[in-house]
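Q: Sharing a model prediction with you, sequence too.
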Amino acid sequence: MTALDFSVVSVAPEPYAVTPNLIARVRIAESTGATVHAIALRCQIRVEPRRRRYSDAEEAGLLDLFGPRERWASTLSTFPWLHTTATVPGFTGECVTELVIPCTYDFEVTASKYLHALEAGPDGTVPLSFLFSGTVFTKGTTGFGVEQVPWDREAQFDLPVDVWRETVRQNFPSTGWLRLDHDTIAALMRFKAARGLIGIDEAVTELLDAAGEMTT
């Protein structure tokens, strides 16, 4: 039997990616001396909001997710961000592998709402938990041996907010995404056409300005 331990070394933007991705470098250590031929690795990444404090500005941004601060004792709970996989080549002792973490700027996604609400800076981090599972292929008595990654293998990592924001900014500079009902889109298109506006952004800006919601 193998004895595997996982730790997250770093998380950084994937250079030259077509879509916004982060790359997590994960160290895998095997302590029995067994030779690992390969690992079909799976990982669930979760956000653990209770592992950090929040400023008043962040509280306002998190209102839609967790409600007012007086309710956080019951609402500030861990939630899943995404699942990712990797094929780890053979090694003895330890190795470092990479996990691709796709990023989205869709404000309907819980993780995106949370990440967007956080302030950047030296103390601004996203508390993450990596839960590992998968299949380990080793040398057995009659050929290959097959084991499962123990269910309790996990690691924590505090991702700087600046890293996530820069990753998204490279692909979506000064923009974000909102999902709208088809009837709402049709109404916006009619409003835009009737006023001879260039695009939907201008139509929404005009509506917000009329409602007194635009700030200068």
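A: That came through fine. Numbers count the residues shown, from 1 in each chain.
Q: Helix or strand for the most centrally placed residue in the chain, just tell me which one.
A: With the centre of the chain defined as its mean C-alpha position, the nearest residue by CA atoms, centre = their mean is residue 81, 5.2 Å away. Of the helices and strands defined by DSSP states H and E, residue 81 is found in strand 79-92.
Q: Could you point out the helix or strand that follows that strand?
A: Later in the chain than strand 79-92, the nearest helix or strand by DSSP H and E is strand 94-102.
Q: What residues sit buried inside that next one?
A: Neighbour counts using 16 or more other CB atoms under 10 Å place 95, 97, 99, 101 of strand 94-102 among the buried residues. C-betas here are computed from N, CA, C, even on glycine.
Q: what secondary structure does the residue lying closest to residue 34 once chain neighbours are set aside sit in?
A: Excluding the flanking residues, the one nearest residue 34 by CB to CB, 6 or more residues apart in numbering is residue 2, at 5.0 Å. The three-state label for residue 2, taken from DSSP: H, G, I helix; E, B strand; the rest coil, comes out as coil.
Q: Could you double-check that residue 2 lies in contact with residue 136?
A: Yes - Residue 2 is in contact with residue 136 according to CB atoms under 8 Å; the separation is 5.7 Å.
Q: Give the residue spans of the chain that score low on pLDDT.
A: Low-confidence segments of the chain, defined by pLDDT under 70: 105-109, 122, 140-141, 171-179, 214-216.
Q: Residues contacting stretch 72-86, please?
A: Residues external to stretch 72-86 that are found in contact with it (CB atoms under 8 Å, 6 or more residues apart in numbering): 40-50, 65-67, 97-102, 110-111, 114, 128-129, 134.
Q: Now do the end-to-end distance for it.
A: 35 Å (CA to CA, to the nearest Å).
Q: I'd guess residue 33 is in a helix, am I close?
A: No - going by three-state DSSP, the assignment for residue 33 is coil, not a helix.
Q: Show me what counts as buried in the longest strand seen in the chain.
A: Looking across the chain with DSSP state E, the single longest strand is strand 125-140. Neighbour-count burial for strand 125-140 flags 125-134, 136-138 (criterion: 16+ other CB under 10 Å).
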